[in-house]
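Asks: Everything below, folded, please.
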Amino acid sequence: MKSFEDTWALKAKQEGYRSRATYKLDHIDQKYDLIRNARKVVELGSAPGGWSQLIAKKKHPLTKCLAIDILPMNKVSGIEFHQLDLKSDEFIKLMQKFAPNIDVIMSDMSANLSGVKVVDEEANFEINLFSLSLAKQYLSKNGRLLIKTFNNRNLASLKKEFSSFFCRTYTEKPPASKTSSSEVYLLGLDPK
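Replies: Next up, the predicted model:
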């Protein structure tokens, strides 16, 4: 397994990407074409910037993209980065200013792990529900929401929440995801 992980990390380094996560998004984007036709994109949990790099590469020149993280991130050309806490008033103001009609909201966020399974699962579930609540407020009629989540006891409930809001939902496990990880990506297309 170590050689598998090293392969993706080495590929990212060789191709100038900041993280192996770039290939996770690329796999999903190739399948569902999330970036190319979007005119407004919001990326949550953007540091260190691997997804931002791919978005910048694939987006239309006029597309506006906000990348937001509580951690610092080096500049990516064509991406507007804000170092903010998602629970802050500044974040709410930024979203209200950027809205309406956001085409894609994507999140590669997960909670800082405590080592207590139930606590970690609930913390990640809350992050997922937060992303879904943003989608309900700000997505365009053909909008898309992509989030990282985990194959655990909350996944069925999360899928149900997605299905009640989106016309179509998909679960993806990109090849660049660690096989030992329960990480999956949940995609919702076209709000009802």
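Asks: Need the nearest residue in space to P72, chain neighbours excluded.
Replies: Q83 (5.7 Å; CB to CB, 6 or more residues apart in numbering). Quick note: C-beta positions are derived from backbone N, CA and C, even for glycine.
Asks: Confirm for me that the one you found is in contact with I70.
Replies: Yes - contact status for Q83 versus I70: in contact at 6.9 Å, counting by CB atoms under 8 Å.
Asks: Could you pull out the strands in this structure for me?
Replies: Using DSSP state E, the strands of the chain run over residues 40-44, 64-69, 80-83, 102-107, 139-150, 166-172, 183-191.
Asks: just how off-centre is the second one within its chain?
Replies: Okay, so that is strand 64-69. Centre-to-centre, strand 64-69 and its host chain are 11 Å apart (CA atoms, centre = their mean, to the nearest Å).
Asks: Poorly predicted segments of the chain, please.
Replies: 1-5 (pLDDT under 70).
Asks: Let's see that with 50 instead.
Replies: For the chain, the stretches flagged by pLDDT under 50 are 1-2, 4.
Asks: Just give me the residue closest to the centre of it.
Replies: S107 (2.2 Å; CA atoms, centre = their mean).
Asks: Could you report the distance from that one to G188?
Replies: Separation of S107 from G188 (CB to CB, to the nearest Å): 12 Å.
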